[in-house]
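>>> Show me how the following folds:
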Amino acid sequence: MLVDAEKQKQVSFFEVFSWLWGYWKNLKISLIVLVVLTPVAIAFKSYMPIFLSKIFDEFAKKDISMILIKEQVLYFFIFGLIYFIFYIFIQNLRGITNFKLENNFRITAFNHIVTLGQNFFQRFKTGDITTRLIDDVGEHKLAWFACSGIFRFYEAVIRILTCLFFMFKLNISLSIVTILPLAILVYIYSRYSHIATDYSMKTQKAISKLNSFLTTTFDGIRIIKSYNQEKNQEKAFSEVVQNQLKREIDLVKITSVLKLSYSKISEITVILVFLFGGWLVIKGQLTIGALVAFNSYIFMLVWPMMDVGEFIVQGRKTGVSIHRIKELENFKPEVINIEKPLDIPEKINLEFKNLTYYFPNGNTAFKNISFTVKHAQTIAIAGSVGGSKSTLIKLIPRSIDAQEGEILLNGENLKNYDIGQLRQSIGFVTQIPALFSDTIKNNIIFGRENISEEEILRALKISQLEKDLSSFSDGLDTMIGQRGVKVSGGQKQRIAIARAIVKNPKILVLDDCTSALDAETEADLWKSLYDFIPDITVFLVTHRVSTLQKADKIILMERGEIIDIGTHKELALWSDYYRTLYL
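This next block holds a predicted model:
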């Protein structure tokens with residue numbers, strides 16, 4: 001089981017780099033260019049103070065050589081121009097690489113998520129998943145650190161070492177005075193930077209909670225308005241926002257303290273250089289030019305020193321984000337394909353054999369379910385609310401797999417067949433139709449290629465949506481809005497049914513999806529369905545007696561167990577439970 005992220009051990013820098021390595025391999029050319037060009041650019045930058053040193057030392061002489069000064073000034077500008085060109089290129093390449101990595105992080109995580117089953121979506125809320133895929137991997141967090149953050153650290157280390165090399169060449173004692181404050185900075189960051197990790201984790205969890213609240217609120221906005229709950233939602237939202245604000249402020253405080261300590265100690269270092277370096281100049285142990293160069297190196301060190309600190313702080317934050325992404329990646333698919341799966345046969349006979357399924361919380365959904373289904377039969381699953389009827393039919397397309405028992409398709413375990421082919425052979429309509437903010441036509445096609453206009457029109461005819469086309473402003477090209485807000489409940493159900501049958505499925509699974517249709521429309525739907533697709537096997541969850549009468553077999557369930565099996569006439573004669581529910 002997954003445990004609360006705050007109780008997990010902190011992600012080490014080794015784990016951070018191990019995880020990033022899988023993404024760096026795809027961008028190795030860009031990274032190699034950055035590795036090579038960064039020290040080259042710094043070499044030109046780091047030598048520039050030496051030209052200043054020679055210029056000021058020449059001015060300090062009695063016999064000034066203007067030729068030498070002009071020569072050094074020219075070198076200074078040439079080196080500066082070369083550094084500028086290199087650095088602009090490096091900055092652009094870093095930025096481009098950041099965005100490429102961000103896209104790769106997001107696409108890889110998304111591609112994994114869509115393979116996962118319902119247990120995953122019960123564990124993670126939609127808003128939390130969205131936060132991880134947008135905020136955690138974003139430009140200012142994981143994506144920035146993965147390239148710019150690391151290369152700024154790489155650049156900082158090279159610049160510090162290069163500057164120290166020239167500084168020691170200029171004066172050893174002054175260099176030692178400069179290095180001493182660095183030891184204080186190392187202590188501060190090693191001692192307190194882990195606190196930023198804790199605050200960062202709490203901040204990301206608060207952002208996830210805020211996004212989850214927004215998602216559920218907007219999805220249920222009609223219910224909120226119907227029950228006049230706007231004020232209560234405003235109050236609840238204010239509490240969530242205040243919690244997120246507090247976490248953000250706490251994080252800013254700790255990171256600001258760490259960064260401020262770095263910058264202030266850097267300023268103290270500059271003061272020490274001026275005091276001690278000035279004293280050395282007065283004593284004649286250091287030239288004016290060397291002090292000017294030394295001063296330039298100190299200012300060149302300030303930002304690299306801060307970048308080292310930033311790397312440690314951001315590295316801790318990145319560890320949090322990587323941990324949150326790895327939580328998604330480590331969630332294993334519940335349903336997988338075998339290595340050499342079988343092809344789906346033309347005729348389908350199914351046997352449900354001693355099936356038992358447990359919910360993730362350990363509760364039993366159903367137990368020891370057994371029945372058979374012959375080719376082209378219509379099977380109705382009925383019973384009281386909470387009998388796990390919808391859970392049972394999810395086994396057919398393998399949205400979930402039972403922990404015990406098996407489903408046999410023509411004598412072979414259903415798990416031995418190709419999942420892709422199986423699901424292409426099934427038309428599934430859920431209890432609440434899932435529609436997207438797109439046209440009616442695109443909701444029916446749903447990204448599938450090679451669906452002809454003839455097939456679409458036939459699906460419209462079968463689903464009884466054809467008669468409503470004239471009421472849509474743009475016909476099939478009418479935009480229906482998020483979750484189908486621009487169409488009625490019955491139209492939603494018929495669009496979903498048209499999507500399920502447009503490719504002539506071998507099996508049609510309908511989960512109580514005709515509840516919004518009137519009796520006449522539903523009767524026409526069934527007649528058209530069997531006229532156009534006579535060999536289709538149908539599973540349906542329903543409470544309508546008129547629909548149950550059409551079934552070849554009714555599976556009557558109560559609390560996850562089969563109570564009775566028979567036709568409508570048979571159950572009406574000898575099943576007290578059936579008569580109590582439906583007659």
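>>> buried residues in stretch 212-228?
By 16 or more other C-beta atoms under 10 Å, the buried positions in stretch 212-228 come out as 212-213, 215, 217, 224. Where you see a C-beta, it was placed from the backbone N, CA and C, and this is true even at glycine.
>>> So which residues of this structure form strands?
350-358, 364-373, 378-383, 404-409, 412-413, 426-429, 507-511, 537-541, 553-558, 561-566 (DSSP state E).
>>> Turn the buried residues of stretch 212-228 into JSON lines, including distance to Ile160.
Shown next, in JSON lines, are the buried residues of stretch 212-228 (distance: C-beta to C-beta, whole Å):
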{"residue": "Ser212", "distance to Ile160": "44"}
{"residue": "Phe213", "distance to Ile160": "45"}
{"residue": "Thr215", "distance to Ile160": "46"}
{"residue": "Thr217", "distance to Ile160": "50"}
{"residue": "Ile224", "distance to Ile160": "57"}
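>>> Return the member of those residues nearest to Leu529.
Closest approach between the buried residues of stretch 212-228 and Leu529, by C-beta to C-beta: Thr215, at 35.4 Å.
>>> ok, back up a step: could you export the buried residues of stretch 212-228 to JSON lines, including columns for pLDDT and distance to Ile445?
Listed next are the buried residues of stretch 212-228 as JSON lines, based on pLDDT from 0 to 100; distance: C-beta to C-beta, whole Å:
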{"residue": "Ser212", "pLDDT": "80", "distance to Ile445": "31"}
{"residue": "Phe213", "pLDDT": "83", "distance to Ile445": "34"}
{"residue": "Thr215", "pLDDT": "77", "distance to Ile445": "27"}
{"residue": "Thr217", "pLDDT": "79", "distance to Ile445": "31"}
{"residue": "Ile224", "pLDDT": "76", "distance to Ile445": "33"}
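>>> got CSV for the strands of the chain, with mean pLDDT, distance to Thr269 and mean neighbour count too?
As requested, the strands of the chain are exported to CSV (pLDDT from 0 to 100; distance: least, C-beta to C-beta, whole Å; neighbours: other C-beta atoms under 10 Å):
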stretch, mean pLDDT, distance to Thr269, mean neighbour count
strand 350-358, 95, 64, 17
strand 364-373, 94, 67, 17
strand 378-383, 94, 76, 24
strand 404-409, 95, 69, 16
strand 412-413, 94, 72, 13
strand 426-429, 92, 68, 23
strand 507-511, 93, 70, 22
strand 537-541, 93, 74, 24
strand 553-558, 94, 77, 22
strand 561-566, 93, 77, 18
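>>> right, and the ones you listed - which one's nearest Ile325?
Nearest of those (C-beta to C-beta): strand 350-358, 28.5 Å.
>>> Taking strand 378-383 as reference, get the angle to the closest one.
For strand 350-358 against strand 378-383, the angle by axes from the mean of the first three to the mean of the last three C-alpha atoms, to 10 degrees is 30 degrees.
>>> can you pull the contacts of Trp526?
Listed by C-beta atoms under 8 Å, 6 or more residues apart in numbering, the contact set of Trp526 reads 547, 550.
>>> Report pLDDT for it.
pLDDT recorded at Trp526 is 88.
>>> picking that back up, list just the nearest of the buried residues of stretch 212-228 to Leu414.
Thr215 (33.8 Å).
>>> any idea which residue sits dead centre in this protein?
Leu133 (2.7 Å; C-alpha atoms, centre = their mean).
>>> can I assume that residue is in contact with Thr108?
No. Using C-beta atoms under 8 Å, Leu133 makes no contact with Thr108, being 10.3 Å away.
>>> what's the closest of the buried residues of stretch 212-228 to Leu245?
The closest of the buried residues of stretch 212-228, once distances to Leu245 are taken by C-beta to C-beta, is Phe213, at 13.8 Å.
>>> residues in contact with the closest one?
Phe213 neighbours (C-beta under 8 Å, 6+ apart): 127, 236-237, 240.
>>> if I look at it, how far off is Thr439?
Phe213 is 31 Å from Thr439, where distance means C-beta to C-beta, to the nearest Å.
>>> hmm, back to that, what would the strands of the chain look like in a markdown table with distance to Ala196?
Compiled in a markdown table, the strands of the chain are given as follows (distance: least, C-beta to C-beta, whole Å):
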| stretch | distance to Ala196 |
| --- | --- |
| strand 350-358 | 41 |
| strand 364-373 | 44 |
| strand 378-383 | 54 |
| strand 404-409 | 47 |
| strand 412-413 | 52 |
| strand 426-429 | 47 |
| strand 507-511 | 48 |
| strand 537-541 | 51 |
| strand 553-558 | 54 |
| strand 561-566 | 54 |
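>>> To Met66, which of the ones you listed lies closest?
Of all these, strand 426-429 comes closest under C-beta to C-beta, at 86.7 Å.
>>> tell me what the closest one is packed against?
helix 489-501, strand 507-511 (3 or more C-beta pairs under 8 Å, 6 or more residues apart in numbering; DSSP states H and E).
>>> if we go to 10 Å?
Using 3 or more C-beta pairs under 10 Å, 6 or more residues apart in numbering; DSSP states H and E, the elements in contact with strand 426-429 are helix 489-501, strand 507-511, strand 537-541.
>>> what's the angle from the longest one to strand 507-511?
Read it as helix 489-501. Going by the same axes, to 10 degrees, helix 489-501 makes 160 degrees with strand 507-511.
>>> Common neighbours of Leu133 and Thr108, please.
Residues touching both Leu133 and Thr108 (C-beta atoms under 10 Å, 6 or more residues apart in numbering): 325, 328.
>>> ok, now which ones touch Phe89?
Contacts of Phe89 by C-beta under 10 Å, 6+ apart are 33-34, 37, 41.
>>> Which two of the residues you listed have the greatest separation?
That would be Val33 and Ala41, which, of the contacts of Phe89, are the farthest apart (C-beta to C-beta) at 11.6 Å.
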